[in-house]
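*Asks:* my questions are about this predicted structure, shown below with the sequence.
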Amino acid sequence: MDSTEPSKQKGETSFSHRLLGWYDIHARSMPWRVPPHDHALEVRADPYHVWLSEVMLQQTQVTTVKDYFLKFISKWPSVFDLAKSDEEDVLKAWAGLGYYSRARNLKKCADFIVAEYKGKFPETFEELKKLPGIGDYTASAIASIAFDQPVAVLDGNVERVMSRHKRIETFFPDAKAETKILLGDILDRERPGEFAQATMDLGATICTPKRPACSLCPINADCQGFKNGDAENYPYKKPKAHKPTLKGAAFVITNSNDEVFLCKRSDQGLLAGMTQVPTTDWNSRHDGSADTTQAPIEGNWKNTGVAKHTFTHFHLELTVWRIDNIDVVPHQGWWCKIEKLNDEALPKVMHKVLQKAL
């Protein structure tokens, strides 16, 4: 045996021991999470809850997700209930979280689990990866947290912890494979799910992007970034690409009953199938007209401002036009009471449009 092996194993044990000792005291309370003392009593996280929360947490802050999660499980307490739901209802409940393909994939995945697995989540990373809409990260999170499988779970918080601890000088996301190997070497085999959540919590509360509280960190004794005094320089990120600004117009039509005319976007492309007010033909690749030349009806349109929204790859500026007391629109859609607009599957950009107009 290599003479360095015992010390390596001791270091790995020390890392996980210190991290989990900290987590046992400081674990964040989450509605989908099993507290450490309950896990010690062999209470396991519900895989449905883990899956739902992890999908919601992609691109969304924990504080926002908590309320959405509770609303979802009150409407659909199990994967069977979600499979029975209508996709439009799922989109309505998702409205405000953004990245609506996630909601569609939730529905597809629930249908698949009920049809192919009789409502029982598979327990291994490999089987979970076969489910619709589930990639490497979500599969590893479910396998680890719900089923205690010893797989590395690598989210943004964990990337930051590991890149500082090991001073990884490869740019992210190129460093993901390297980091996952390093993480796999030190994760706790007896408590892999809690190890994953502990590392996430450490990144979210102590090893923060700016001004990390290194002196309070339970694993600072062998953190290379802390020792070198440059932890805040990590992880190395590639410069962000320039985002273009695209333009278009949105048309808010009200009738004599205090209702707003709504319609659906195309089933293809950005915000596919989402509810909106009529707009010009802007998309993620080109501008649409910003004036009223493409308005759904002719009339005395009033300019009520510009709604600005940022998507992943571009900024959007929609000139908002309003017209009132129109009871017939030669366009496929429906009328919605103004006070009921929050019940519709409106993306954030449409909420901004309506705020400018109403």
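*Replies:* On my side now, so go ahead. Since the structure is predicted, the reported quantities are computational estimates derived from the model, not experimental observations. Residues are numbered from 1 along each chain as shown.
*Asks:* what ranges does the stretch 101-250 of the chain have for its helices?
*Replies:* Secondary structure of the stretch 101-250 of the chain (DSSP state H, counting those that start in this stretch): helices located at 101-117, 125-128, 136-147, 156-166, 176-186, 192-205, 224-228.
*Asks:* relative orientation of the longest one and helix 136-147 in degrees?
*Replies:* With axes from the mean of the first three to the mean of the last three Cα atoms, to 10 degrees as the basis, helix 101-117 and helix 136-147 are set at 50 degrees to each other.
*Asks:* got the domain boundaries for the protein?
*Replies:* Per the record, the chain has its domains at 5-233, 245-357, by automatic domain parsing.
*Asks:* to Pro239, which of those domains lies closest?
*Replies:* Each of the domains of the chain was scored for nearness to Pro239 using Cβ to Cβ, and the closest is domain 5-233 (9.4 Å). To be clear about C-beta, it is placed using only N, CA and C from the backbone, and glycine gets the same treatment.
*Asks:* figure out how far the closest one is from the centre of its chain.
*Replies:* Averaging C-alpha positions (Cα atoms, centre = their mean, to the nearest Å) puts domain 5-233 12 Å from its chain's average.
*Asks:* for that domain, what does the pLDDT average out to?
*Replies:* Taken as a whole, domain 5-233 has a mean pLDDT of 92.
*Asks:* what of stretch 336-349?
*Replies:* When pLDDT is averaged over stretch 336-349, the result is 93.
*Asks:* in a markdown table, list the domains of the chain along with distance to Pro239.
*Replies:* Below are the domains of the chain laid out as a markdown table (distance: least, Cβ to Cβ, whole Å):
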| stretch | distance to Pro239 |
| --- | --- |
| domain 5-233 | 9 |
| domain 245-357 | 15 |
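*Asks:* the ones you listed into JSON lines, with extra columns for mean neighbour count?
*Replies:* What follows is these, written out as JSON lines (neighbours: other Cβ atoms under 10 Å):
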{"stretch": "domain 5-233", "mean neighbour count": "17"}
{"stretch": "domain 245-357", "mean neighbour count": "17"}
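*Asks:* rewinding a little: adding distance to Leu346 as columns, could you present the helices of the stretch 101-250 of the chain in JSON lines?
*Replies:* Shown next, in JSON lines, are the helices of the stretch 101-250 of the chain (distance: least, Cβ to Cβ, whole Å):
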{"stretch": "helix 101-117", "distance to Leu346": "13"}
{"stretch": "helix 125-128", "distance to Leu346": "32"}
{"stretch": "helix 136-147", "distance to Leu346": "26"}
{"stretch": "helix 156-166", "distance to Leu346": "28"}
{"stretch": "helix 176-186", "distance to Leu346": "34"}
{"stretch": "helix 192-205", "distance to Leu346": "30"}
{"stretch": "helix 224-228", "distance to Leu346": "43"}
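*Asks:* between those helices, which gets nearest to Pro35?
*Replies:* For the helices of the stretch 101-250 of the chain, proximity to Pro35 was assessed by Cβ to Cβ; helix 192-205 is nearest, at 9.9 Å.
*Asks:* what packs against the closest one?
*Replies:* Where contact means 3 or more Cβ pairs under 8 Å, 6 or more residues apart in numbering; DSSP states H and E, helix 192-205 is packed against helix 5-26, helix 36-40, helix 136-147, helix 156-166.
*Asks:* to Gly193, which of these lies closest?
*Replies:* Closest among these, using Cβ to Cβ: helix 136-147, at 4.1 Å.
*Asks:* my guess is Ile326 contacts Thr254, does it?
*Replies:* Yes - with contact defined as Cβ atoms under 8 Å, Ile326 counts as touching Thr254 (7.2 Å).
*Asks:* between those two, what contacts are shared?
*Replies:* Counting by Cβ atoms under 8 Å, 6 or more residues apart in numbering, the shared contacts of Ile326 and Thr254 are Phe261.
*Asks:* that older thread, which one of the helices of the stretch 101-250 of the chain lies nearest to Gly288?
*Replies:* helix 101-117 (21.9 Å).
*Asks:* which strands and helices sit next to the closest one?
*Replies:* Packed against helix 101-117 by the contact rule (3+ Cβ pairs under 8 Å, 6+ apart) you find helix 47-57, helix 79-84, helix 87-94.
*Asks:* what does it contact?
*Replies:* 51-52, 55-56, 58, 79-80, 82-83, 85, 87, 90-91, 93-94, 97, 119-121, 131-134, 272-273.
*Asks:* and the angle for that helix with helix 47-57?
*Replies:* Taking the same axes, to 10 degrees, one finds helix 101-117 and helix 47-57 inclined to each other by 160 degrees.
*Asks:* could you check the angle helix 101-117 makes with helix 87-94?
*Replies:* Compare the direction of helix 101-117 with that of helix 87-94 by the same axes, to 10 degrees and you get 130 degrees.
*Asks:* use 58 as the first number for this chain going forward.
*Replies:* Noted, 58 is the first residue going forward, which turns the last one into helix 158-174.
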